[in-house]
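In: starting from these lines, generate the structure:
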Amino acid sequence: MYVRLNLATQPLISHRRFFAGSAALAALGLLLFLGFGWRFYVLRKADESFRARSSKIQAELNEESKQRAELEKYFAQQQAAGFQERAKFVVGVLQARSVNWTQMFMDLEKMLPPGVHVLHIDPKLDKGVVSVHFIVGATNQEAKLKLLKAFEDSPAFAHVVLLSEKAETRPGSDPLTIEFVAEFANT
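Out: Coordinates of the predicted model:
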């Protein structure tokens, strides 16, 4: 039988644990390096693609602003200014035609209570909203209240604002004159 004995002056020290730990740490470091390297590569490609898109958009924006400057310079000329005025006029006419004036007057006729009649009506179209200024005559307070209630409850008119109310003392005129503004629902 053989027995292994160490006859050296110092005992045999095994460095296997140190080498195994170092190898595991190196492998972990290599994996982290590869992972971070791949992430850096992906981010670099994404940044490159973003920069390419950004420069393309910037070039298009510069081209559009150059075209806009040329168009503004063209429309600033005296000859083109007439075109703009005519275009604004045509747009105004088209907007005015898009309002159903007949329907507005039919709704108004249905809403007027007995004892109230319209003295003055002034419709105005501004940015697609029809604002109507009314001056009406009423025979008494009850007729006035019925008129204002009818306008408030009406689906055709909105935002009723009472501007003034006058009591007339002249013979032959209406006892009450009411002035108000309402918006017609242009539908």
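
In: could you pull up the mean pLDDT of whichever strand or helix holds Glu63?
Out: Per DSSP states H and E: Glu63 is located in helix 16-76. For helix 16-76, mean pLDDT is 92.

In: in the chain, which residue is closest to the centre?
Out: Centre of the chain computed as the mean C-alpha position; nearest residue by CA atoms, centre = their mean is Lys127, 16.2 Å away.

In: check contacts around it.
Out: The contact partners of Lys127, taken as CB atoms under 8 Å, 6 or more residues apart in numbering, number zero. (Each C-beta comes from the backbone N, C-alpha and C, glycine too.)

In: what separation is there between it and Glu183?
Out: The gap separating Lys127 from Glu183 is 12 Å, by CB to CB, to the nearest Å.

In: then Phe83?
Out: 32 Å.

In: who has more neighbours, those two?
Out: A count of neighbours by other CB atoms under 10 Å puts Glu183 above the other of Phe83 and Glu183, at 15 against 12.

In: from what I see, the more buried one and Val129 are in contact.
Out: Yes. Using CB atoms under 8 Å, Glu183 is in contact with Val129, at 5.9 Å.

In: which residues do those two both contact?
Out: If you check Glu183 and Val129 against CB under 8 Å, 6+ apart, no residue is contacted by both.

In: what's the burial count for Pro175?
Out: Residues lying near Pro175 (other CB under 10 Å) number 17.

In: mind listing what it touches?
Out: Pro175 makes contact with 138-140, 167-168, according to CB under 8 Å, 6+ apart.

In: isn't Met111 right next to Pro155, touching?
Out: No. With contact defined as CB under 8 Å, Met111 does not reach Pro155; the gap is 10.6 Å.

In: between those two, which one's more packed in?
Out: Met111 (17 against 8).

In: what sits closest to that one if chain neighbours are left out?
Out: Distances taken as CB to CB, 6 or more residues apart in numbering place Ala150 nearest to Met111, at 4.3 Å, with adjacent residues excluded.

In: can you flag the buried ones in the contacts of Pro175?
Out: Ala138 (16 or more other CB atoms under 10 Å).

In: let me know the closest of the contacts of Pro175 to Val118.
Out: Nearest to Val118 out of the contacts of Pro175 is Ala138 (CB to CB; 10.8 Å).

In: looking at the contacts of Pro175, which is nearest Thr177?
Out: Glu168 (6.0 Å).

In: return the per-residue confidence for that closest one.
Out: For Glu168, pLDDT reads 75.

In: numbering from 96 from now on, please.
Out: Right, with 96 as the first residue, what we last looked at is Glu263.

In: how much space between it and Lys241?
Out: 19 Å.

In: try Arg134
Out: Distance check for Arg134 against Lys241: by CB to CB, it reads 77 Å.

In: neighbour-wise, which of these two wins?
Out: Lys241 (18 against 10).
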